[in-house]
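1. quick check, what structure comes out for this input:
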Amino acid sequence: MSKVDKGRKEKVKMAKKKVTREGVKKKLLLNKSSLEIVAFALRKKNRYNLTSLHVTKDYVEATTGSILVRLSHPKADPDEFPITPGEPFDDKIDFILPVESIKGIKILTNLNCLPTSNACLSKEGEMISISTTDLNTIQTSKVKLTEAKFPDTEQFIDKSIDEENNEWKMFTVSSDLLKMLANYVSRRNRKNQIPITFWVKGPESAVHFRFRFSDTEQDGRGILMPMTGCAVKRGRI
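-> From the prediction side, this is the model:
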């Protein structure tokens, strides 16, 4: 083996070690569903860190302080997105995007199978670049990184729910039915929250619920039939 070949081989080894040590740096893709998580962000500006979307390496999340919603990133390869400004992130992705900065971002294509149906995020110094494309042009907006930190939500998420044979009682109901029920109950009184209480015996049993219109002293109750099997068949009354 010549000295040139040995030198090339050594460079390849060094490059592989560098990738292994530092990790592969990539830009980040967020789709429409990811950005719409801001619907669960706090609207009052007395807690700035909650009026935002929290972005990490694996997920986005938002909270009002009473409800927290977290969504993993879409399965799309940022390398297939057209060339955009900015540099890839390292493994330590942890920043917040204010609600106001997200409102103007529009996904310009609606084909979920394409990386271009996402917004591509990259880093430019103290700024985050957010780019979208319609396959012909690229639109980029920039958001300044802030020192505000999102609350440590890990302390509230009980990971035992992911374990088999846990003590949790799981039930699955249609989001459409929950929306129908919530819309009906909340229409009665927009100013005051009306609680809905749920009971369930097991994963296959009907979900019983109750609510009360206190101003007219009316009691409501009913059942939600669970979704069974692979969560596509719904139980019937």
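2. which regions of this structure sit below the pLDDT cut-off?
-> Scanning the chain for pLDDT under 70 picks out the ranges 1-24, 189-190, 228-237.
3. nearest to the spatial middle of it, which residue is it?
-> Ranked by distance to the mean C-alpha position of the chain (Cα atoms, centre = their mean), the top residue is Leu71 at 2.6 Å.
4. how close does that one sit to Pro85?
-> Leu71 is 25 Å from Pro85, where distance means Cβ to Cβ, to the nearest Å. Quick note: C-beta positions are derived from backbone N, CA and C, even for glycine.
5. with Val200 instead?
-> Counting by Cβ to Cβ, the gap from Val200 to Pro85 is 50 Å.
6. these two: who's more crowded?
-> A count of neighbours by other Cβ atoms under 10 Å puts Val200 above the other of Val200 and Pro85, at 17 against 14.
7. surely the more buried one meets Val173?
-> No: between Val200 and Val173 there is no contact under Cβ atoms under 8 Å: 9.3 Å.
8. name the residues contacting each of those two.
-> Residues touching both Val200 and Val173 (Cβ atoms under 8 Å, 6 or more residues apart in numbering): Val207.
9. residues of stretch 135-155 that come out buried?
-> Ile138, Thr140, Val143, Phe150 (16 or more other Cβ atoms under 10 Å).
10. Glu100: which of the residues you listed is nearest?
-> Nearest to Glu100, judged by Cβ to Cβ, of the buried residues of stretch 135-155 is Val143 at 9.4 Å.
11. against Glu164, how distant is that closest one?
-> Val143 is 41 Å from Glu164, by Cβ to Cβ.
12. Asp79 too?
-> 36 Å.
13. so which of those two has more stuff around it?
-> Remark: of Asp79 and Glu164, Asp79 carries more neighbours, 10 against 4, as counted by other Cβ under 10 Å.
14. and that one, what does it touch?
-> By Cβ under 8 Å, 6+ apart, the residues touching Asp79 are Lys26.
15. so it lies in a helix, does it not?
-> Yes: looking at Asp79 with DSSP: H, G, I helix; E, B strand; the rest coil, it is inside a helix.
16. measure stretch 164-183 end to end?
-> Start-to-end span of stretch 164-183 (Cα to Cα, to the nearest Å) is 34 Å.
17. what of stretch 100-118?
-> One end of stretch 100-118 sits 19 Å from the other (Cα to Cα).
18. isn't Arg188 right up against Phe213?
-> Yes: using Cβ under 8 Å, Arg188 is in contact with Phe213, at 5.6 Å.
19. now for those two: what residues contact both?
-> Common neighbours of Arg188 and Phe213, using Cβ under 8 Å, 6+ apart, are Ile194.
20. many thanks, I have nothing further to ask.
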